[in-house]
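>>> Build me a structure from this.
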Amino acid sequence: MDALTSARTLTGQEDAALDLETAQRPTRDEAMAAVRTLLAWAGDNPDREGLLDTPQRVVDAYGEWFAGYEGDPAKELSRTFEDVQGYDDMVMLRGIDVQSHCEHHMAPFLGKAWVAYMPTGKVVGLSKLARLVEIYAKRLQTQETMTMQVADAIEDHLSAAGVAVLIDAEHQCMSTRGVHHHDVSTITTQFRGVFRTDKVLQQRFMDLVTRK
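Predicted coordinates for the structure are as follows:
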């Protein structure tokens, strides 16, 4: 559980993580047995040659896809630098890869994130902002929640004068099942502080998002 929960109301995702902490986490063998059950439910034979190692591979893949539960956003943003020669303008990362899974169908959604903040005397390493997005992406998510979480973390831990976050992603729960609409992307945004009140600054952020 990361330190952000002390500053804000727990989300459903964080409540679930707390519940898991008080219960016994399933073992690796139990997780692989669950995969075997799903293979059989799908109509295949878990004991056929091509599927014998599938439970192990799936559990390994889940460990990578959902590694964000082990990450700590507060720790990533804890090391800052004040020797920036008085820099007081926007800091922005463009086109951060987003690889996440929706919490409704456990289907991937893939896209890009644009993150900016207005520093107030201190900045954080650029890789830490990308890592922050990755931590929240590598959890079961909704895109709306993830967008807010990234903005919350920067606002809380960098004391930024403003934060802007935009995520543009395609959801495979929509493109490969259900309505089967391809090439439809979802855009979510959060503007905090001066990015909300200063429409010129907000437009400057959006212009940088769309700049080739």
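
>>> helix or strand right after the helix or strand bottoming out on mean pLDDT in the chain?
Lowest by mean pLDDT, DSSP states H and E among the helices and strands of the chain is helix 12-22, with a mean of 59. Counting by DSSP states H and E, the next helix or strand C-terminal to helix 12-22 is helix 28-42.

>>> ok, residues contacting that following helix?
26, 45, 46, 51, 54, 55, 56, 58, 59, 62 (C-beta atoms under 8 Å, 6 or more residues apart in numbering). Every C-beta, even on glycine, is put in place using the N, C-alpha and C of the backbone.

>>> Show me what the mean pLDDT comes to for that helix.
In this model, helix 28-42 has a mean pLDDT of 97.

>>> Helix, strand or coil: sort out residue 188 for me.
Secondary structure, DSSP: H, G, I helix; E, B strand; the rest coil: residue 188 is strand.

>>> and stretch 187-202, which residues are buried?
188, 189, 190, 191, 192, 193, 194, 195, 198, 201, 202 (16 or more other C-beta atoms under 10 Å).

>>> Just give me the residue right at the centre of the chain.
residue 137 (2.2 Å; C-alpha atoms, centre = their mean).

>>> Pretty sure it sits against residue 99.
Yes - using C-beta atoms under 8 Å, residue 137 is in contact with residue 99, at 6.0 Å.

>>> can you give me the strands for the chain?
Assigned by DSSP state E, the strands in the chain fall at 80-81, 91-102, 108-118, 123-124, 140-141, 162-171, 185-193.

>>> mind putting the ones you listed in TSV, mean pLDDT and distance to residue 72 included?
Output for those, formatted as TSV (pLDDT from 0 to 100; distance: least, C-beta to C-beta, whole Å):
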stretch	mean pLDDT	distance to residue 72
strand 80-81	88	16
strand 91-102	96	18
strand 108-118	96	18
strand 123-124	91	14
strand 140-141	96	17
strand 162-171	96	19
strand 185-193	96	21
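
>>> Quick one: closest of the ones you listed to residue 148.
Closest to residue 148 of the strands of the chain is strand 185-193 (C-beta to C-beta; 5.8 Å).

>>> Nearest residue to residue 90 in space, please, no chain neighbours.
Distance criterion C-beta to C-beta, 6 or more residues apart in numbering; nearest residue to residue 90, sequence neighbours excluded, is residue 116 at 5.3 Å.

>>> Which members of the contacts of helix 28-42 are classed as buried?
46, 51, 54, 55, 58, 59.

>>> who are the neighbours in contact with the second one?
Same thing as residue 51. By C-beta under 8 Å, 6+ apart, the contact set of residue 51 is 39, 44, 45.
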